[in-house]
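Asker: pasted the sequence and its predicted model underneath.
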Amino acid sequence: MSMKLHFGMAGRAAMVAAWLGASMAVAAPMAAPDDLLFMSNRGNSVFELYRMSASSGQVQRVLPERGEAGEMSWSPDGSRVLFSKAKPGEMLNIYVTELATGATRQLTSDELPCTQPSWSHDGRTIAFVAAGGGARKIYLMDAEGGPRRRLTDSVGDDETSPQFSPAGDKVAYLASQLDVAPKVAVADLKSGKGGIISPIKERGIETPPLWSPDGKQLLFSSLRGSSSQVMVMAPDGSARVQLTGAGGRHGQAQWSNDGKRILLMTVPLGAARPLLQVMHADGSELRQLYGGANDLMDARWSSDDRRIFFVEQLPSGGKIFALDVAGGTVSRLSGDEGFDVGIQVYAGRPTARLAGRR
């Protein structure tokens, strides 16, 4: 497929917004579909949170206070942003900011790092990872703050990367043990029971799992040696299927919002740069969309699954692009300032998307 590359109106608007002082954070309305969260060092020496409208290209710094911030995610209703941040002299902790007012609250105050915050689909609960006692554990907390509780009763597991199921009754995550590399695990929220689904050493390292929109499958990659393959399986470990062929490194897989397709990055055997690819949810009809010239990362579907947003590392730094899946046109959204990375796309309320497919 031929690629048509142009610096679109959105990209020009992004540059104008930055030139006019887009680094000034002000109160903003809740997110619209295809608003992007990302990290950038534009206007500063540290990476801060920014918001971009994919339709207009307008860029805005999210937090009123300057300072480095990390992992972030939209609330399900698009009104808040959850993120991790380390104040000077302190460890990483979890914060939430209200877009309408700019008010920011600190949800944890630990002496050891708290990271990887994640929303439940109803927006009432957050999960996060806290270090301590020799192993990281996943905790749950009311989205407004308050007491926390352990996700599981595991003793020796190191737990990371929590993701709530669409129904809100389970959390998928990664767990590792002294003699078992990181593998997909699932915990039941009602019982608190959870653990590695298939602790088979020969299956290698597994990457953080993602729930399918209908909650019936988990998507992840399995790494063995220099090869990695995209996999799916049921939350109980059954129906485990390898979707990509042997050879190469396949990873960073993402479900489309309708659950019918999977986006992935592939580095073919003997190649140095990744390719952006898409396939049906059963692994069929794998096709190349873009790539091969530069490093690519953070590929994400748009809210209607018609575009893909991604970061391409150019000589001037990481820049955000949008690719039209049907036509192949690639448009640059970032301007020339800073290094942009870590895209998170607001796709609208998950419950609304699921209801629309009945």
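Answerer: That came through, no problem. Being a predicted model, the structure only gives us computed values, none of them experimental.

Asker: now the strands: where do they sit in the stretch 201-350 of the chain?
Answerer: For the stretch 201-350 of the chain, the strands defined by DSSP state E, counting those that start in this stretch cover 205-206, 210-211, 218-224, 227-233, 241-242, 249-255, 261-267, 275-280, 287-291, 296-301, 307-314, 317-324, 329-332, 340-345.

Asker: got a list of contacts for the second one?
Answerer: Counting contacts by CB atoms under 8 Å, 6 or more residues apart in numbering, the residues outside strand 210-211 that touch it are Q163, F164, S165, P166, A172, Q217, L218, L219, F220, A253, Q254, W255. For every residue, glycine as well, the C-beta is placed using N, CA and C.

Asker: what about the helices in this structure?
Answerer: According to DSSP state H, the chain carries its helices in the segments 9-19, 350-355.

Asker: just to revisit the earlier point, the contacts of strand 210-211: which two are farthest apart?
Answerer: Farthest-apart pair in the contacts of strand 210-211 is F164 and A253; separation 18.6 Å (CB to CB).

Asker: gap between the closest residue to L49 other than its chain neighbours and L276?
Answerer: Closest residue to L49 apart from its sequence neighbours, by CB to CB, 6 or more residues apart in numbering: V62 at 4.1 Å. Going from V62 to L276 by CB to CB, to the nearest Å gives 27 Å.

Asker: ok, now G168?
Answerer: To L276, G168 is 32 Å away according to CB to CB.

Asker: which one's more surrounded, those two?
Answerer: When G168 and L276 are compared for neighbours, L276 comes out ahead with 22 against 15, by other CB atoms under 10 Å.

Asker: could you check the pLDDT of the more buried one?
Answerer: In this model, L276 is scored at 98, pLDDT.

Asker: my read: D258 touches P213, true?
Answerer: Yes. If you go by CB atoms under 8 Å, D258 and P213 touch, sitting 6.9 Å apart.

Asker: L107: neighbour count?
Answerer: Neighbour count of L107, defined by other CB under 10 Å: 20.

Asker: show the low-confidence segments of the stretch 251-358 of the chain, by residue range.
Answerer: 349-358 (pLDDT under 70).

Asker: go again using 90 as the cut-off
Answerer: Of all residues in the stretch 251-358 of the chain, those with pLDDT under 90 make up the ranges 270, 337, 348-358.

Asker: just give me the neighbour total for the closest residue to D35 other than its chain neighbours.
Answerer: Distances taken as CB to CB, 6+ apart put Y346 closest to D35, at 4.6 Å, once the chain neighbours are dropped. For Y346, the neighbour count with other CB under 10 Å is 23.

Asker: if I pick the spatially closest residue to V345 that is not a sequence neighbour, what's in contact with it?
Answerer: Distances taken as CB to CB, 6+ apart place R300 nearest to V345, at 4.5 Å, with adjacent residues excluded. Neighbour list for R300: Q254, L263, I308, F309, F310, I343, Q344, V345 [criterion: CB under 8 Å, 6+ apart].

Asker: dump those to a markdown table, plus distance to G43.
Answerer: Formatted as a markdown table, the contacts of R300 follow (distance: CB to CB, whole Å):
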| residue | distance to G43 |
| --- | --- |
| Q254 | 30 |
| L263 | 31 |
| I308 | 27 |
| F309 | 22 |
| F310 | 23 |
| I343 | 19 |
| Q344 | 20 |
| V345 | 23 |
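
Asker: and which of these is nearest Q106?
Answerer: Q344 (20.6 Å).

Asker: any idea how far D179 is from the residue nearest to the closest one when sequence neighbours are not counted?
Answerer: Nearest residue to Q344 in three dimensions, chain neighbours excluded: L37, at 4.2 Å (CB to CB, 6+ apart). Counting by CB to CB, the gap between L37 and D179 amounts to 38 Å.

Asker: comparing those two, which residue is more hemmed in?
Answerer: L37 (20 against 7).

Asker: which residues does the more buried one bridge with?
Answerer: R51, Q344 (DSSP bridges).

Asker: got it, and V171?
Answerer: F164, A187.

Asker: thought it was touching E159?
Answerer: No. Shown here, V171 and E159 do not form a contact pair, counting by CB under 8 Å, at 9.7 Å.

Asker: need the overlap of contacts for those two.
Answerer: Contacts common to V171 and E159, judged by CB under 8 Å, 6+ apart, are I138, L151.

Asker: returning to that earlier point: pLDDT score assigned to the residue nearest to L49?
Answerer: 92.

Asker: cool, and M9?
Answerer: Looking at M9, the pLDDT reads 38.

Asker: nearest to P147, out of the strands of the stretch 201-350 of the chain?
Answerer: strand 210-211 (26.4 Å).

Asker: name every strand pairing with the closest one and say which way it goes.
Answerer: Using DSSP bridges, strand 210-211 pairs in its sheet with strand 218-224 (antiparallel).

Asker: got the contact list for the residue nearest to L223 when sequence neighbours are not counted?
Answerer: In this structure, L223 finds its nearest non-sequential neighbour in I205, 4.3 Å apart by CB to CB, 6+ apart. Residues near I205 by CB under 8 Å, 6+ apart: A181, P182, K183, S222, L223, R224.

Asker: among those residues, the buried ones, what's the ChimeraX command?
Answerer: The following ChimeraX line selects those of the contacts of I205 that are buried, judged by 16 or more other CB atoms under 10 Å:
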select :182,183,222,223
